[in-house]
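Engineer: Attaching a predicted model along with its sequence, questions to come.
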Amino acid sequence: MPTEKTSLKPIQNKLLAALPPQEYKRILPKLEEVDLIYDTRIFELNRPISDVYFPNSGIISLLAAVEDSSTLEVGIVGREGMAGLPVFLGAPRSGLHAVVQGEGTAMRISAGDLTAECAMGGKINQILKRYTHSMMVQISQSSVCFRFHLIEQRLARWLLMTSDRMQTEKFEMTQEFLANMLGVRREAVNRAARDLYKRKIVAHTRGQVSIVDRDGLEAMACGCYAMIHAEERDLDVI
């Protein structure tokens, strides 16, 4: 499991930062900062969720199960959101796997404490309802993307979404991992990635991906990225 840290940093998660000072002060003692370790499963499909995570940095992937025991990424959570929406919605268990994709830290709260906070009313409910809608848009557009768009477009969208959440143009990533996230064979990712390298839009060195030409990458991505990004920008005005 993610490891506990002994001190709290200033508010970095956007949902927590949107809370009124008095509400944040009330919830603060129930939060603990933890490290997000790569490839850690923070909750499992069809299992109760014991804790909810508000990332400060790093990325958590939401993975849907496929009949052959493989998984497909349907959502990404960074500092703009939280992992554990089923708790807020009153669901008894998770409908997805949640796995740390990019290392960082998160503020963790028990499912029971979050439920109690929401029951007390206040702006936290409005914030989490708004985020729920944003995540619904992300998951639905990702589904459209998987069905109708080329692998090159899907790869560009994925890189942009990851960059937005990691807040950097450079991050560690292997092509095998990309293939698993996009639900395609590694050979397909290799072909799509080579096209990006040839166009000098993206560089790749020893497992590290660097976005060289962001405008070019956005032009190459499908319209799904723009729709998801616009929805997430609206969260900033909560």
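Structural biologist: That came through fine. Numbering: from 1, shown residues only.
Engineer: Give me the neighbour count for the nearest residue to residue 44 once chain neighbours are set aside.
Structural biologist: Counting by CB to CB, 6 or more residues apart in numbering, residue 44 lies nearest to residue 97, which is 5.9 Å off, once chain neighbours are set aside. The way it works is simple: take the backbone N, C-alpha and C, and place the C-beta from them, glycine included. Neighbour count of residue 97, defined by other CB atoms under 10 Å: 19.
Engineer: who are the neighbours in contact with residue 97?
Structural biologist: 41, 43-45, 62-65, 71 (CB atoms under 8 Å, 6 or more residues apart in numbering).
Engineer: Which of those scores worst on pLDDT?
Structural biologist: The weakest per-residue confidence within these falls on residue 71 (82).
Engineer: okay if I get the contacts of residue 97 as TSV plus neighbour count, distance to residue 128 and secondary structure?
Structural biologist: As requested, these are exported to TSV (neighbours: other CB atoms under 10 Å; distance: CB to CB, whole Å; DSSP: H, G, I helix; E, B strand; the rest coil):
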residue	neighbour count	distance to residue 128	secondary structure
41	13	23	strand
43	24	17	strand
44	15	22	coil
45	15	22	coil
62	25	16	strand
63	22	22	strand
64	18	22	strand
65	15	25	strand
71	19	25	strand
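Engineer: Which of these sits closest to residue 119?
Structural biologist: residue 43 (21.6 Å; CB to CB).
Engineer: beta partners of the residue minimising distance to the centre of the chain?
Structural biologist: Centroid-nearest residue in the chain, with CA atoms, centre = their mean: residue 77, separated by 1.7 Å. Beta-bridge pairing of residue 77, defined through DSSP bridges, involves residue 60.
Engineer: quick one: it and residue 60 touch, right?
Structural biologist: Yes: Residue 77 is within contact range of residue 60, at 4.4 Å (criterion: CB atoms under 8 Å).
Engineer: Quick check: neighbours shared by those two?
Structural biologist: Shared contacts of residue 77 and residue 60, defined by CB under 8 Å, 6+ apart, are found at 53, 83, 98.
Engineer: Please flag which of those sit within strands.
Structural biologist: With DSSP state E as the criterion, strands contain 53, 98 from among these.
Engineer: top of the shared contacts of residue 77 and residue 60 by neighbour count?
Structural biologist: Result: residue 83 is most packed of the shared contacts of residue 77 and residue 60 (other CB under 10 Å), 30 neighbours.
Engineer: just the strands in the chain please.
Structural biologist: Using DSSP E, strands in the chain cover 32-36, 41-43, 51-55, 59-65, 71-77, 97-102, 104-110, 170-172, 202-205, 208-211.
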